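**Student:** Quick check, what structure comes out for this input:
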Amino acid sequence: MNTRHFLKALAAAAALCVLGAGQAQTFPERPIKLIVPFAPGGSTDLAARLVAEYGSRELGQPIVVENKAGAGGSVGMEMVAKAKADGYTLGMATVSTHGSNPAVYGAKLKYHPVKDFAPVTNVATTPSVFAVHPKVPAATMKEFIAKAKAEPGKFSFASPGAGSLGHANIEHFMHLAGIEMLHVPYKGAGVAMNDALAGQVDAITDNLPSALSNIKAGRLRALAVLSDKRSPALPDVPTYGELGYPQMGTGGWFGVVAPAGTPPEVVARLNAAIHKAMQHPEFIRKMDESGASLIPGTPAEFGKQIEQAMARYARVAEVAKISLD
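**Tutor:** Now for the predicted structure:
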């Protein structure tokens, strides 16, 4: 490259930098769409609506939540991946959409959890809980495992759908514990929970925030939590690690992503605004009440968490022989 061409290229690069900085200063200039890839009412939806409510105040523009459920969250995440990379379409990513789905759906998945997204920030981590209907004659997980081993296939478990995170987690647990249960897949976590509460199925695993009120009311009996430590909301319920199954991991998370190619300056603006929103006392209080813990971080940190989830559930799918590909 001669000097003249080099100077022209340098000038063009400088102009792009100025443009990017200017875009970050004026962003956002219109409402932002935040896609939740699950039905209303769950843990991911709760976090998204708090991000929308308090993030809107920081950004000076409305953040509008849209629920686009289907295929374990894959439908909504595909919409985010294909959206224009300008910061005006965001998505709530979870361990399911970016961890278990890639492992289970394989080539059928129409997005890549790393290549097709720009991580903005993780928002919260939440334990999941394994619970049984009160009719099940087991007060502890040890008792449940003993009864399940004595009568393979007698007990059934509900999941939000074949290949879902709940399905993957229980299949993994059955493999580790050496037990067999009948899998009953549903079209969504809400329907699965309804039948678990009615006693149509014996067991269910769900995010703790979604199941907690039913556990407190005695409509379900919690036997284990998937977390690195016991939940303050259920201090008497052991973790899988305490029960001798550390391979189960430490729970789920949900955070905000943008389409790949979103300008770094816009990602940084969103990251800062969401972190500021997460400091609001009501945001903190509502997440605490739900049993979730806030885990704000940099885009790079969130990207690493996504990669770790992909690797972990690839191993889970292989060991538990789960595939919808």
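**Student:** Pop out the phi and psi values for the residue most central in space within the chain.
**Tutor:** In the chain, the residue lying closest to the centroid (CA atoms, centre = their mean) is Thr94, at 2.1 Å. Its backbone dihedrals place Thr94 at phi -140, psi 170, with angles given as degrees, to the nearest 10.
**Student:** And what about the closest residue to it other than its chain neighbours, helix, strand or coil?
**Tutor:** Closest residue to Thr94 in three dimensions, ignoring its sequence neighbours and counting by CB to CB, 6 or more residues apart in numbering: Phe254, at 4.6 Å. Where you see a C-beta, it was placed from the backbone N, CA and C, and this is true even at glycine. In terms of secondary structure, Phe254 is strand; the call rests on DSSP: H, G, I helix; E, B strand; the rest coil.
**Student:** Locate the nearest residue to Pro185 once chain neighbours are set aside within the secondary structure: which element?
**Tutor:** Leaving out its chain neighbours, the residue that sits closest to Pro185 by CB to CB, 6+ apart is Ala162, at 4.4 Å. Ala162 belongs to no helix or strand when assigned by DSSP states H and E.
**Student:** wait, isn't Ala162 in contact with Lys187?
**Tutor:** No. The criterion here is CB atoms under 8 Å, and Ala162 misses it with Lys187 at 10.2 Å.
**Student:** coming back round to it: check the contact between the residue nearest to Thr94 and Ala47; I expect there is one.
**Tutor:** Yes. Using CB under 8 Å, Phe254 is in contact with Ala47, at 5.4 Å.
**Student:** Find the residues that touch each one of the two.
**Tutor:** Taking CB atoms under 8 Å, 6 or more residues apart in numbering as the contact rule, the neighbours common to Phe254 and Ala47 are 92, 123-124.
**Student:** A strand includes Ala158, no?
**Tutor:** Yes. When classified by three-state DSSP, Ala158 is found to be part of a strand.
**Student:** Identify the bridge partners of it.
**Tutor:** Each beta-bridge partner of Ala158 is listed here, defined by DSSP bridges: Val184, Ile204.
**Student:** Surely it and Ala192 touch.
**Tutor:** Yes. At 4.0 Å, Ala158 counts as touching Ala192 under the criterion of CB under 8 Å.
**Student:** Overlap in contacts, the two.
**Tutor:** When contacts are counted by CB under 8 Å, 6+ apart, the set common to Ala158 and Ala192 consists of 166, 184, 186, 201, 204.
**Student:** Can you give me every residue that contacts the third one?
**Tutor:** Think Tyr186. Tyr186 makes contact with 158-161, 192, 195 under the criterion CB under 8 Å, 6+ apart.
**Student:** If we use 7 Å, what do you get?
**Tutor:** Residues touching Tyr186, when contacts are defined by CB atoms under 7 Å, 6 or more residues apart in numbering, comprise 158-161, 192.
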